[in-house]
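Enquirer: Can you look at this prediction? I've put the sequence above it.
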Amino acid sequence: MSIFLPIQSVRLTLREFREEDLNEMHHYLSDSEVLQFMMQDTNTEEGSNAYLKKFLQFQKDNPRFFVRFAIIEKLSNCLIGECGLNMPNIQHKEGELVYRLNKKYWGNGYATEAASEVVGLGFEKLGLHRIEAMCDSRNASSIKVLEKIGMIKEGCYREHRWIKGRWRDSVVYSILDSEYFIQK
Ligand SMILES: CC(C)(COP(=O)(O)OP(=O)(O)OC[C@H]1O[C@@H](n2cnc3c(N)ncnc32)[C@H](O)[C@@H]1OP(=O)(O)O)[C@@H](O)C(=O)NCCC(=O)NCCS
């Protein structure tokens, strides 16, 4: 039983994943362009199923260490991606913001809309002090999302990860609760 009610933004509903979400989830998890900057390789349907099951299992944790919302476009009622927080150290009031969308829906401001709701949840409901995000320095659209939601660039881990045949520089962004509440 989820402890999170669905979050409503102007164009999106963010709700916890359900078993029946597998097909729409697999759509973006099997797209090499969606995963190009990530460690993860494109999923088989089995892989997507295991990924979904993992997040269904996490819904039973108390406290919640991993929260992953399905992003639903209100207009079409389609599942267009996911956004969430990884908080393995929630006792230290820190979280990591993550998101990815089905390619068909890129460029509409949806990631920005979803990410700002999840950051709001992190500070306002979960009492986090710091939320960070890390991405490939070449991932221009993701960097834009992080900047649009008020995150500040902290630095760059050089050749941080060996991903898909090359070294990846990772940029680190963060926002603190005080900055979030001032911007609000
Ligand atoms: C990153 C991602 C979530 C962005 O989703 P989105 O819904 O298209 O994002 P938004 O529309 O909210 O914002 C994207 C911004 O980047 C800009 N942008 C897109 N491509 C760009 C590029 N090549 N260079 C610079 N800016 C770019 C857009 O114009 C937009 O900015 P604007 O609102 O000022 O015009 C989506 O591309 C995705 O799922 N990528 C694959 C997974 C991924 O990389 N996840 C993040 C891991 S850290």
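Expert: That came in fine, so what should we check first?
Enquirer: Only C-alpha atoms from now on, for both contacts and neighbour counts.
Expert: Will do.
Enquirer: what does the model give the residue lying farthest from the centre of the chain for pLDDT?
Expert: What lies farthest from the middle of the chain is G165; by C-alpha atoms, centre = their mean that is 24.2 Å. Note for G165: predicted pLDDT of 95.
Enquirer: next one: M1
Expert: Per-residue pLDDT puts M1 at 53.
Enquirer: Surely L35 and T42 touch.
Expert: Yes. Contact criterion C-alpha atoms under 8 Å: L35 and T42 qualify, at 6.8 Å.
Enquirer: hey, what's in contact with both of those two?
Expert: L29 (C-alpha atoms under 8 Å, 6 or more residues apart in numbering).
Enquirer: Show me the shaky parts of this protein.
Expert: 1-2 (pLDDT under 70).
Enquirer: interface residues of it facing the ligand?
Expert: Applying C-alpha under 6 Å from any ligand atom, we find that the chain lies next to the ligand at 34-35, 37, 99-101, 106-112, 134-135, 140-142, 144-145.
Enquirer: Okay, and which of those map to helices?
Expert: Residues of the residues of the chain next to the ligand located in helices (DSSP state H): 110-112, 140-142, 144-145.
Enquirer: Just send those back as CSV, with distance to G95 and neighbour count too.
Expert: As requested, those are exported to CSV (distance: C-alpha to C-alpha, whole Å; neighbours: other C-alpha atoms under 10 Å):
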residue, distance to G95, neighbour count
Y110, 21, 20
A111, 18, 25
T112, 17, 19
A140, 22, 10
S141, 21, 12
S142, 17, 19
K144, 20, 12
V145, 17, 18
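Enquirer: Using a markdown table, lay out those together with distance to H92.
Expert: Output for these, formatted as a markdown table (distance: C-alpha to C-alpha, whole Å):
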| residue | distance to H92 |
| --- | --- |
| Y110 | 30 |
| A111 | 27 |
| T112 | 26 |
| A140 | 30 |
| S141 | 30 |
| S142 | 26 |
| K144 | 28 |
| V145 | 25 |
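Enquirer: okay, now the residue nearest to K153 when sequence neighbours are not counted: neighbour count?
Expert: Of all residues not flanking K153 in the chain, Y173 sits nearest, at 4.3 Å (C-alpha to C-alpha, 6 or more residues apart in numbering). By the measure other C-alpha atoms under 10 Å, the count of residues near Y173 is 22.
Enquirer: partners of the helix or strand harbouring Y173 in the sheet?
Expert: Using DSSP states H and E, the element containing Y173 is strand 166-176. Sheet pairing here is set by DSSP bridges, and for strand 166-176 it gives strand 130-136 (antiparallel), strand 152-163 (antiparallel).
Enquirer: out of these, deepest packed?
Expert: Most buried of those, by mean neighbour count (mean count of other C-alpha atoms under 10 Å): strand 130-136, with a mean of 21.
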